[in-house]
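S.K.: Below: sequence and its predicted model.
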Amino acid sequence: MKIAILGSGGREHALTFSISKSTKVEKIYCIPGNAGTSELAENVSLNINDFKTIYDFLKKNNVNFVVVGPEDPLVNGIVDYLEKLNIKVFGPNKVASQLEGSKIFTKKICKKYNIPTAEFGIFENAEDSYKYIDKAKHPLVIKADNLAAGKGVYICKEKAESYLAVKEIFDGKFGTAKNILFEEFLEGEEMSYFIISDGKTFKYFGSAQDHKRVGEGDTGKNTGGMGAYSPSRLFSEELEQKILKKIIKPTLKGINDLGTKYKGFLYAGLMIVKDEPFLIEYNVRMGDPECQTILPTLETDIVKIFESCIDEKLSEIEIKWINKNSLCVVLCSNGYPEKYEKNLIINNLEKLNLDKNNYLFHAGTEKRDDKIYAVGGRVLNFVCLSEIYSKAKINIQENLKKLNWEKGFYRKDIGYKVIDK
Ligand code: AMP
Ligand code: GLY
């Protein structure tokens, strides 16, 4: 079978790696991919939001199976588009993808089905927003209602910050804003919880804790994710039962009640407050770097899992996992998440110790004339599986030392909540 994967990040390299292990696959295309995927697949430089060009490419090359990594094409309806043209696609359709595409869509589902989430208010203009701020308790969370690549969320400690957030959102900092969302600030610990669904049934697909802030001790600006560990230390059977009963099942029912089905990965971003789960956000894809952290522990053939989802036969498959802890540290370009340099050469990659417990997944990299260059903010993901997190950390740090990339930095405290200092 020929498969195409859309996307170019660490998540997509991890997906390409898992797919390449499948006995069912003869050829993989990665659109557009990165230097890492080019070792396992043929990279094809196309715009992932140009559906017509993608379809033409798939048709010409007899590719009938597509896996979508990032949210953009999903929210824009690539699944509906390609399915109509008889291409099999793993991922949710346009209606279901609103769970990530519109925070207000999700909040309305939460309200209708009693799903625990932060108290909220929705406003259409700056004037009403300012009035609300004057009376609101701080800290106050303010969000733009569109895809903002993990940005577009403000945690405001005082009124002046809230005013500024409203102004920036309505001034179009994250694209045209029709609505703004205010949320109560939830104090707890975050956890990423994943399921895979075929529209009829769903199965657990891992849990993790991301480290979103750029600085050690969870300080500084928000990023796409500086590292993760899996499973989350908060995970327990009792908590999982609450997550399923109070959050996942009613959400999937909400999507069914709209006359459609949820097929694909579903990523619940949760805040755990005194052992109770609250939904912060949904993503309609795997997390990045959670995907890189979780996938090396997957034992079952991922292509068989994807096929069973598309054919609505997920109940017939058993998903097996390697019983080890996984840690992932992201190496970034100096300056990230703000300005950073591009086209920086990366040497020493051949010196790394990589084996069935130690993995390297590329993110913002490109291969030119047999040399590897950093072209993005998040550059490389170092992953290690181990019985104990502290050992995984040592192995990763040894590899980072071997690489000795002076143009980059990484958080030395990833997993600090599960690793004794
Ligand atoms: P989001 O893009 O909605 O995931 O928000 C980005 C980050 O902001 C989250 O990962 C949380 O750390 C934080 N956050 C979002 N909403 C809330 C909330 N209601 N209470 C506390 N923190 C929040
Ligand atoms: N790890 C955060 C995200 O994928 O959105």
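M.R.: Great, that's in hand. Ligands and ions are numbered 1, 2, ... in the order given.

S.K.: who's in contact with whichever helix in the chain runs longest?
M.R.: Using DSSP state H to define each element, the chain has its longest helix at helix 389-403. By Cβ atoms under 8 Å, 6 or more residues apart in numbering, the surrounding residues in contact with helix 389-403 are 229, 325-327, 329, 331, 346, 348-349, 351-354, 357-358, 360, 380, 382-386, 410, 412, 414-415, 418-420. Bear in mind the C-beta positions are built from the backbone N, C-alpha and C, glycine included.

S.K.: How about stretch 31-39?
M.R.: For stretch 31-39, using Cβ under 8 Å, 6+ apart, the contacting residues are 4-9, 12-13, 16, 30, 41, 43-46, 48, 54, 57, 360-367, 372-373.

S.K.: on that earlier part again, give me the buried subset of the contacts of helix 389-403.
M.R.: 229, 325-327, 329, 331, 346, 349, 352, 357-358, 360, 380, 382-386, 410, 414-415, 418-419 (16 or more other Cβ atoms under 10 Å).

S.K.: now the longest helix of the chain, how far from the chain's geometric center?
M.R.: 24 Å (Cα atoms, centre = their mean, to the nearest Å).

S.K.: Near ligand 1, which residues of this protein are found?
M.R.: For the chain, the residues in contact with ligand 1 (Cβ under 6 Å from any ligand atom) are A118, V141, G150, V153, E183, F185, L186, E190, K212, G269, I280, E281.

S.K.: wait, which of those is closest to ligand 2?
M.R.: Comparing those against ligand 2 with Cβ to the nearest ligand atom places G150 closest, at 5.5 Å.

S.K.: Out of the contacts of helix 389-403, which sit inside helices?
M.R.: Judged by DSSP H, the contacts of helix 389-403 include no members of helices.

S.K.: Return the subset of those residues lying in strands.
M.R.: Taking DSSP state E as the definition of strands, the contacts of helix 389-403 contribute 229, 325-327, 329, 331, 346, 358, 360, 380, 382-386.

S.K.: Pick out the most distant pair among those residues.
M.R.: N325 and I346 (27.5 Å; Cβ to Cβ).

S.K.: Residues of the stretch 301-421 of the chain that sit close to ligand 2?
M.R.: Nowhere does the stretch 301-421 of the chain come near ligand 2, counting by Cβ under 6 Å from any ligand atom.

S.K.: Which residues are in contact with the residue nearest in space to the middle of the chain?
M.R.: With distances taken as Cα atoms, centre = their mean, the chain has G287 as the residue nearest its mean C-alpha position (2.0 Å). Residues in contact with G287, defined by Cβ under 8 Å, 6+ apart, are R11, S192, F194, A208, D210, G225, A228, Y267.

S.K.: so which of those residues is the most crowded?
M.R.: With neighbours defined as other Cβ atoms under 10 Å, the most crowded of these is A228; it has 29 neighbours.

S.K.: ok, now how distant is it from ligand 2?
M.R.: 7 Å (Cβ to the nearest ligand atom, to the nearest Å).

S.K.: give me every residue that touches that residue.
M.R.: By Cβ under 8 Å, 6+ apart, the contact set of A228 is 192, 208-211, 287, 289-290, 292-293, 327-328, 414.

S.K.: Including pLDDT and secondary structure, could these go into TSV?
M.R.: Output for these, formatted as TSV (pLDDT from 0 to 100; DSSP: H, G, I helix; E, B strand; the rest coil):
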residue	pLDDT	secondary structure
S192	98	strand
A208	98	strand
Q209	98	strand
D210	97	strand
H211	97	coil
G287	97	coil
P289	98	coil
E290	98	helix
Q292	98	helix
T293	98	helix
L327	98	strand
C328	98	strand
I414	98	coil
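
S.K.: between these, which is nearest V63?
M.R.: Among the contacts of A228, Q292 lies closest to V63 (Cβ to Cβ), at 24.3 Å.

S.K.: Make sure the closest one is actually in contact with H13.
M.R.: Yes - in this structure Q292 lies within contact range of H13 using Cβ atoms under 8 Å: 7.5 Å.

S.K.: rewinding a little: among the contacts of G287, which one lies nearest to ligand 1?
M.R.: The shortest gap between ligand 1 and any of these belongs to D210, at 7.6 Å (Cβ to the nearest ligand atom).

S.K.: which residues does that closest one bridge with?
M.R.: In this structure, D210 bridges to A228 when assessed by DSSP bridges.

S.K.: sorry, back to before: filter the contacts of stretch 31-39 down to the ones in strands?
M.R.: Among the contacts of stretch 31-39, DSSP E puts 4-7, 30, 43, 360-362, 365-367, 372-373 in strands.

S.K.: Report the two members of these separated by the largest distance.
M.R.: A4 and Y373 (24.2 Å).

S.K.: Compare the two and say which is more crowded by neighbours.
M.R.: Neighbour count, other Cβ under 10 Å: between A4 and Y373, A4 has more, with 26 against 17.

S.K.: who touches the more buried one in this structure?
M.R.: Taking Cβ under 8 Å, 6+ apart as the test, what A4 contacts is I28, Y29, C30, I31, V44, I54, F57, L58, V63, F65, V66, V67.

S.K.: how about 6 Å then?
M.R.: Listed by Cβ atoms under 6 Å, 6 or more residues apart in numbering, the contact partners of A4 are Y29, I31, V63, V66.

S.K.: cool, and Y340?
M.R.: Y340 is in contact with S333, G377, counting by Cβ under 6 Å, 6+ apart.

S.K.: one more time with 8 Å
M.R.: Y340 sits in contact with C332, S333, N334, G377, where contact means Cβ under 8 Å, 6+ apart.

S.K.: who in this structure is up against ligand 2?
M.R.: G150, D210, G225, N283, G287, D288, E290.

S.K.: Just give me the closest of these to I310.
M.R.: N283 (20.1 Å).

S.K.: what sits opposite the residue nearest to the closest one when sequence neighbours are not counted in the beta ladder?
M.R.: Among residues not flanking N283 along the chain, Y267 sits closest, at 4.0 Å (Cβ to Cβ, 6 or more residues apart in numbering). As for beta bridges, Y267 partners with F194, N283 under DSSP bridges.

S.K.: okay but Y267 is in contact with L279, surely?
M.R.: No - with contact defined as Cβ under 8 Å, Y267 does not count as touching L279 (11.1 Å).

S.K.: What's the separation between E183 and L279?
M.R.: Separation of E183 from L279 (Cβ to Cβ, to the nearest Å): 11 Å.

S.K.: Ok, D301 next?
M.R.: From D301 across to L279, the span is 31 Å (Cβ to Cβ).
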